[in-house]
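Novice: Give me a 3D structure for the following:
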Amino acid sequence: MVKELGEQEQDLIGISSYPRFVTSNYSPDAIPPDYFEEIARHSGIPVFVTETGWCSGSDVVPASSEEKQRDYIARFPELLENVEAEALMYIALRDLLPDLKIDVPHFKTLGLRDHENRSKPAWFACKRIKELPRTP
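Specialist: Predicted coordinates for the structure are as follows:
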């Protein structure tokens, strides 16, 4: 598709990804290490992960956890290692209020902090990534 639009016309390609829904056992460990590489390979231009997240709720089916959410975030450096990634945008700083009625309960616990603004393990995983040396 990028080539059809004219390769010189795009600066980067934006993608939205929630890999929890496509892994075999709903685990961050099940995400292939080259998960983001295919889009980069086919587009030939830098990637911007415009939206991603992993829920931490145990009340979703199948259940998740704060540890799985943390493990997903901790994998970002590996998952983007061979991709020319311009940016990555995590979907939510804070969880939604618990009594809020929404159609997709997975989205209630995507936050790096809980609904009372307490840090979850994922928050600290993000902070560790921020401290990594940057490459030009």
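
Novice: Now do stretch 113-123, average pLDDT.
Specialist: In this model, stretch 113-123 carries a mean pLDDT of 97.

Novice: Could you give the separation between the terminal residues of that stretch?
Specialist: Stretch 113-123 has an end-to-end distance of 6 Å (CA to CA, to the nearest Å).

Novice: Could I get the contacting residues of the most centrally placed residue in the chain?
Specialist: Nearest to the geometric centre of the chain sits residue 52, at 3.3 Å (CA atoms, centre = their mean). Counting by CB atoms under 8 Å, 6 or more residues apart in numbering, residue 52 touches 16-19, 88-91. The C-beta positions use only the backbone N, C-alpha and C, and glycine is treated the same way.

Novice: Residue 30: which of those residues is nearest?
Specialist: Nearest to residue 30, judged by CB to CB, of the contacts of residue 52 is residue 19 at 8.5 Å.

Novice: Pretty sure the closest one sits against residue 35.
Specialist: Yes: at 6.3 Å, residue 19 counts as touching residue 35 under the criterion of CB atoms under 8 Å.

Novice: Identify each buried residue in stretch 123-134, please.
Specialist: Within stretch 123-134, the residues that count as buried by 16 or more other CB atoms under 10 Å are 123, 125-126.

Novice: returning to that earlier point: the more surrounded of residue 19 and residue 35?
Specialist: Shown here are residue 19 and residue 35; by other CB atoms under 10 Å, residue 19 has more neighbours (20 against 17).

Novice: What distance do you get for the residue nearest to the centre of the chain to residue 77?
Specialist: As judged by CB to CB, to the nearest Å, residue 52 and residue 77 stand 14 Å apart.

Novice: same deal with residue 102?
Specialist: Taking CB to CB as the measure, residue 102 falls 31 Å from residue 77.

Novice: At which residues are the strands of this structure located?
Specialist: 13-17, 47-52, 85-90 (DSSP state E).

Novice: Pick the most buried one from those strands.
Specialist: Among these, strand 47-52 has the highest mean neighbour count (mean count of other CB atoms under 10 Å), at a mean of 18.
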